[in-house]
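Q: Give me the fold of what follows.
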Amino acid sequence: SILRKKIKAAEIPVTVTNTAISEIPADADIVITHRSLTDRARQKAPEAEHISIDNFLKSPEYDELVNRLSVS
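A: Got it, this is the predicted structure:
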């Protein structure tokens, strides 16, 4: 929900969803997981970009992603 709020505040037209690794959609573009789960997520969605984080509540990767998507 933190990333969803940041994306919305930046007015970036993307959909952010939470899902179990086993349910990652085949058309996912970016997958964000805890570092310990990234390998499993890569197996499920090998074509997606994967971002590994250590803390879902305070992660600088969220701001980096929002900044990158804002420029695109």
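
Q: contacting residues for R40?
A: I21, T33 (Cβ atoms under 8 Å, 6 or more residues apart in numbering). C-beta coordinates here come from the backbone N, C-alpha and C atoms, glycine included.

Q: can you do 7 Å?
A: I21 (Cβ atoms under 7 Å, 6 or more residues apart in numbering).

Q: And what about it, helix, strand or coil?
A: Of the three states, R40 takes helix under DSSP: H, G, I helix; E, B strand; the rest coil.

Q: try T17
A: Applying three-state DSSP: T17 is coil.

Q: Identify each buried residue in the helix or strand containing L69, please.
A: According to DSSP states H and E, L69 maps onto helix 60-71. Neighbour-count burial for helix 60-71 flags Y62, L65, V66 (criterion: 16 or more other Cβ atoms under 10 Å).

Q: who's in contact with the second one?
A: Meaning L65. Contacts of L65 by Cβ under 7 Å, 6+ apart are I51.

Q: Thank you, goodbye.
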